[in-house]
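Undergrad: could you look at this predicted model? Sequence included:
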Amino acid sequence: MVLLYLKNSPSFKKKLGKKCMELGEEKSPGIEINRFISLSLPNDFTHLLKMDIHKKGSLINYLNSYFLDRPSLYALVQKYLVQNSNGDGLEDFFHSTSWYNLRAKIAAIYIGFKEEGRWPDKINPSYVDELLLFEEKIKRYSVDGYSRGFLFAFYLKMVQVHSKQKNSFFPLSMINLLPLTKSKSIKIDWLLLIIFKFQQFFGEEKLIEKLKMGIPFEKNFSSLSHSQKEDFFSEGLSYAYSINDKETLLNLL
């Protein structure tokens, strides 16, 4: 098993131990970041972005119950959205908005907090313009109902703000390789991470050839060197912890 092979590596154990200690820690401002890193993202929010929201029966009832059960998220929505609406409470607010509008506003609040170092006075909708544009570009390759493309863009934006960089470390040219996968993906975020890492390992020309041939992930991964496998797992682990999705990484390996 690939995972057991990695775990038994002394150098990997050392890296994994260091990675676990770094989870949730802040990096110094201005450090250039060109890889997936661990960030403390709001789990209550990222959980919603990972699920098929359309399979939850009555969406309004589900959201109302979900937010009421999570005091911190409820307080955030109450402060920025409900009290500024014309309704009488949380459920009325959900009746007056769409899921897509709701998630965009919540994302803008969290990005504003990361950007300003405090809870913003008001929502700045421009914070999510890039996220929505990114999601639109990969929409045809994603499965309807899931917001994992938006989640991936949210993560990239938070890394960008965290590192105080002008642009994301993730090149948008990676999106151009999605048509070669020839199918829609529920976990489009992980697919993009895999494409990003394989492009680093194989080079774009060789990766394009592999994608056209339809070579499965397992075969491509097994052809990597030991250090490349460790690097893939290290960055995958960082992303998995950031969005609380370790199961997907373990299933890959």
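TA: Now that the structure is in, tell me what you want to look at.
Undergrad: look up which residues are beta-bridged to residue 185.
TA: Beta bridges link residue 185 to residue 142 when assigned by DSSP bridges.
Undergrad: surely it touches residue 191?
TA: Yes. Counting by CB atoms under 8 Å, residue 185 does reach residue 191; the two are 4.7 Å apart. Just so you know, the C-beta spots here come from the backbone N, C-alpha and C atoms, and that holds for glycine as well.
Undergrad: what about the helices in the stretch 1-150 of the chain?
TA: 2-7, 10-22, 43-50, 59-68, 71-77, 90-96, 99-116, 129-138, 148-163 (DSSP state H, counting those that start in this stretch).
Undergrad: now those helices as TSV including mean neighbour count, distance to residue 223 and mean pLDDT?
TA: TSV is the format used below for the helices of the stretch 1-150 of the chain (neighbours: other CB atoms under 10 Å; distance: least, CB to CB, whole Å; pLDDT from 0 to 100):
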stretch	mean neighbour count	distance to residue 223	mean pLDDT
helix 2-7	14	12	42
helix 10-22	13	18	40
helix 43-50	18	30	96
helix 59-68	16	43	91
helix 71-77	16	43	93
helix 90-96	17	49	86
helix 99-116	19	37	96
helix 129-138	17	26	96
helix 148-163	23	26	97
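Undergrad: how about the helix or strand that contains residue 220: buried residues?
TA: Assigned by DSSP states H and E, residue 220 falls within helix 217-222. Buried residues in helix 217-222, counted by 16 or more other CB atoms under 10 Å: 220, 221.
Undergrad: packing partners for the helix or strand following it?
TA: Counting by DSSP H and E, the next helix or strand C-terminal to helix 217-222 is helix 226-243. Packing partners of helix 226-243 (3 or more CB pairs under 8 Å, 6 or more residues apart in numbering; DSSP states H and E): helix 2-7, helix 10-22, helix 148-163, helix 188-202, helix 246-252.
Undergrad: quick one: list the elements packing against the last one.
TA: Judged by 3+ CB pairs under 8 Å, 6+ apart, helix 246-252 is in contact with helix 188-202, helix 226-243.
Undergrad: the ones you listed: which one's closest to residue 62?
TA: Nearest of the helices and strands packed on helix 246-252 to residue 62, taken as CB to CB: helix 226-243 at 20.4 Å.
Undergrad: could you give the angle of that closest one to helix 148-163?
TA: Counting by axes from the mean of the first three to the mean of the last three CA atoms, to 10 degrees, helix 226-243 lies at 100 degrees to helix 148-163.
Undergrad: what is the distance between helix 226-243 and the centre of its chain?
TA: Centre-to-centre, helix 226-243 and its host chain are 14 Å apart (CA atoms, centre = their mean, to the nearest Å).
Undergrad: mind listing the shared neighbours of residue 185 and residue 191?
TA: In the contact map built from CB atoms under 8 Å, 6 or more residues apart in numbering, the residues linked to both residue 185 and residue 191 are residue 141.
Undergrad: more crowded one of the two?
TA: A side-by-side neighbour count of residue 185 and residue 191, using other CB atoms under 10 Å, places residue 191 first with 24 against 18.
Undergrad: isn't the more buried one up against residue 180?
TA: No. Using CB under 8 Å, residue 191 is not in contact with residue 180; the gap is 11.2 Å.
Undergrad: for residue 39, which of the helices and strands packed on helix 246-252 is the nearest?
TA: Closest among the helices and strands packed on helix 246-252, using CB to CB: helix 226-243, at 4.8 Å.
Undergrad: pLDDT of the closest one, averaged?
TA: When pLDDT is averaged over helix 226-243, the result is 97.
Undergrad: spit out the contact partners of residue 122.
TA: Residues near residue 122 by CB under 8 Å, 6+ apart: residue 80.
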